[in-house]
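dropping a prediction and its sequence here:
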Amino acid sequence: MTGFIYRKIIKPILFKYPADDVHNFFLKTGNYFGSIKFVKNLFGKIFIYENSILNQKVLGINFKNPVGLAAGFDYDADLIDILPVIGFGFHTIGTVTNLPYAGNPKPMLGRLPKSKSLLVNKGFKSEGIKLVLKKIGKRREGSIPLGISIGSTNKPYKKIEDMADDVFISFGDAIKSDYFDYFELNISCPNLINIENLKEKFDDPIGFSILLNKLSYLNFNKPLFIKMHAEKSIIETFALLEVAKDYKWVSGVIMSNLVKNRDNIFLDKEEVGLAGKGNFSGKPTEQLSNNLITEVYKKYKDRYIIIGCGGIFEARDVYEKIKRGATLVQMITGMVYEGPSIVGKINKDLANLLKKDGYKNMTEAIGFYNK
Ligand SMILES: Cc1cc2nc3c(=O)[nH]c(=O)nc-3n(C[C@H](O)[C@H](O)[C@H](O)COP(=O)(O)O)c2cc1C
């Protein structure tokens, strides 16, 4: 019912306005609603779906369900009080950078409904780590697991070591705050200006090891996941995972980020022809994400926990990622198109799919295709 109201009444109104404005509206309203106990109780009753078949303990963290909000929606931690009552199993804020960056010139967001995709041109918009941590202020009791995605400030660097120092400072602050249950390192944002003058980059094996060596000086007391590219080949992806393999505090990988290639067969030709600057989320990312999950699970299932991300719109999409080897999943675009009730619906339908296949717990289904 709530999904129907969102799709038929709320979405047509929202989609008349520029996507940037609607996103800001959601951040402001969500932040306000998160401060009102009555609204939170009501939302919890409407949106949350719970079923013990979806419970998992992963890397010491309890997840009530496997569906998380991916980095990029709540980039400055405005929604940490409201998201737990929307039904997510976990929630990543960010990508946060050390120094503030106002974002690329607008529009930073666009819609491609026929492609079930969003156009993203934020370029690491962030209020900066210090302000974001101040805003969080305290650890929320009884909340869902909270993670922070960190990337390098979007400004030009002369040396990759300086860029690694910038990421090091943000992680140092985040670890010290003790607000987070897990960390994400974003090395895969396409189109940042900060790498234009650099020979090595964080997403090539040499640059990546420079970064990980620097981060080794920190005491990662919580799991860290690396957010991977969607469009790197399997060989390129494996090369990065070989580098990360020896750093014990790297616990897992997230597959994957946005896509850049405008010839992607899942992008509607007419829509993409009209699209401005930026990269694409949603259905055009799904197949690439799924292929990476399969290959990485086959080779590294005993080394990395996999979070599947890209193109999730319904429970079957989640189930596919789990059967390929994902332990958890993340989403944004499906929620923007289908409304917040999609999270509970996905969890309910996923529980039914698992039961139908005879599973007692979702952990048993992980990597089913490759067992
Ligand atoms: C509006 C928007 C902003 C995003 N910003 C980030 C970001 O800051 N950091 C990041 O790691 N991924 C970012 N992403 C990528 C998502 O986390 C995710 O990898 C991608 O959108 C695929 O998932 P989806 O199809 O469910 O949206 C962003 C995606 C969207 C739609």
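Done, it's in.

contacts, neighbours, all on C-alpha from now
Fine.

double-check that L185 belongs to a helix.
No. Using DSSP: H, G, I helix; E, B strand; the rest coil, the assignment for L185 is strand, not a helix.

need the contact list for it.
Contact analysis of L185 by C-alpha atoms under 8 Å, 6 or more residues apart in numbering lists S149, I150, G151, L224, F225, I226, K227.

apply 6 Å and report the result again.
With contacts defined as C-alpha atoms under 6 Å, 6 or more residues apart in numbering, L185 is in contact with S149, I150, I226, K227.

and the closest residue to E338 other than its chain neighbours, how close does it get to L215?
Leaving aside its sequence neighbours, E338 sits nearest to R7 (C-alpha to C-alpha, 6 or more residues apart in numbering; 6.2 Å). Note on R7: its distance to L215, by C-alpha to C-alpha, to the nearest Å, is 44 Å.

so is stretch 23-36 next to the ligand?
No. Judged by C-alpha under 6 Å from any ligand atom, stretch 23-36 stays clear of the ligand, getting no closer than 8.4 Å.

buried residues in that stretch?
Under the neighbour-count criterion of 16 or more other C-alpha atoms under 10 Å, stretch 23-36 has H23, L27, G30, N31, F33, G34 buried.

what sits against the last one?
Same thing as G34. Counting by C-alpha under 6 Å, 6+ apart, G34 has contacts D81, I82.

report how many residues lie close to the closest residue to the ligand within the stretch 151-300 of the chain.
With C-alpha to the nearest ligand atom, the shortest gap between the stretch 151-300 of the chain and the ligand falls at G282, namely 3.1 Å. When neighbours are counted by other C-alpha atoms under 10 Å, G282 registers 28.

that one reaches M331, doesn't it?
No. Counting by C-alpha atoms under 6 Å, G282 stays clear of M331, with 8.6 Å between them.

could you pick out the residues of this structure near the ligand for me?
Counting by C-alpha under 6 Å from any ligand atom, the positions of the chain adjacent to the ligand are 70-73, 94-95, 118, 120, 124, 186, 256-258, 281-282, 309-312, 331-334.

which ones among these lie within strands?
Among the residues of the chain next to the ligand, the ones falling in strands (DSSP state E) are G94, T95, L118, V120, N186, C309, M331.

so N55 makes contact with K64?
Yes. Judged on C-alpha under 6 Å, N55 makes contact with K64 at a distance of 4.5 Å.

so which of the two has more stuff around it?
Just comparing N55 and K64: by other C-alpha under 10 Å the higher neighbour count belongs to K64, 21 against 17.

got any ranges where the stretch 51-200 of the chain has weak pLDDT?
139-142, 190-196 (pLDDT under 70).

show me where the stretch 201-350 of the chain has strands.
Secondary structure of the stretch 201-350 of the chain (DSSP state E, counting those that start in this stretch): strands at 224-227, 250-255, 279-280, 305-309, 328-331.

try the stretch 51-200 of the chain
Along the stretch 51-200 of the chain, counting by DSSP E, counting those that start in this stretch, strands occupy 56-58, 61-63, 67-69, 90-96, 109-112, 117-120, 146-150, 182-186.

out of these, the one nearest G339 is which?
Nearest to G339, of all the strands of the stretch 51-200 of the chain, is strand 67-69, at 13.0 Å by C-alpha to C-alpha.

alright, calling it a day.
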